[in-house]
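>>> Okay, predicted coordinates and the sequence, questions at the end:
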Amino acid sequence: MSELPQAARQAADAYAHAVVLLGRCGEATHQADWAALAEHAGALSVAAGELSVAAGAVTREETPVSPAEFHAAAQQAIRGRQPDPRVPRGQ
């Protein structure tokens with residue numbers, strides 16, 4: 001697998017951040033934790049703006065970005081942002 005251009009790596013990270021926040025919004029609704037939903041939705045709004053900027057930068061890249069490589073980088077970033085299920089929350 002080749003190295004993703006810097007802009008694509010930043011977009012993959014921004015995408016991962018937005019996906020994680022969307023998951024947190026979902027968790028908050030399942031727990032009826034409306035304060036947490038408001039907090040995560042606000043952060044998601046900011047993350048969506050960051051993703052938009054990052055995606056715009058990718059459109060200006062001269063090197064084509066492979067969807068498979070982008071998604072692999074995003075998956076790696078998502079795994080890095082997920083809490084360790086073996087560690088109780090709050091630690």
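Structure received.

>>> can you list the residues that contact the lowest-mean-pLDDT helix or strand in the chain?
Lowest on mean pLDDT, DSSP states H and E among the helices and strands of the chain sits helix 67-81, with a mean of 92. When contacts are defined by CB atoms under 8 Å, 6 or more residues apart in numbering, helix 67-81 is touched by residues 1-2, 4, 8-9, 11-13, 15-17, 19-20. For every residue, glycine as well, the C-beta is placed using N, CA and C.

>>> Quick check: closest non-adjacent residue to Val19.
Spatial nearest neighbour of Val19, chain neighbours left out: Ile78 (5.8 Å); criterion: CB to CB, 6 or more residues apart in numbering.

>>> how deep is the one you found tucked in, by neighbour count?
Here the number of neighbours of Ile78 (other CB atoms under 10 Å) works out to 17.

>>> Need the pLDDT of Glu39.
Note on Glu39: pLDDT of 97.

>>> any idea whether the residue lying farthest from the centre of the chain is helix, strand or coil?
Residue farthest from the centre of the chain, counting by CA atoms, centre = their mean, is Glu62 at 23.7 Å. Secondary structure, DSSP: H, G, I helix; E, B strand; the rest coil: Glu62 is coil.

>>> angle of the host helix or strand of Glu50 against helix 67-81?
Using DSSP states H and E, Glu50 maps to helix 34-59. Note on geometry: by axes from the mean of the first three to the mean of the last three CA atoms, to 10 degrees, helix 34-59 and helix 67-81 are set 150 degrees apart in direction.

>>> Quick check: which helices or strands does helix 34-59 pack against?
When contacts are defined as 3 or more CB pairs under 8 Å, 6 or more residues apart in numbering; DSSP states H and E, helix 34-59 packs onto helix 6-30.
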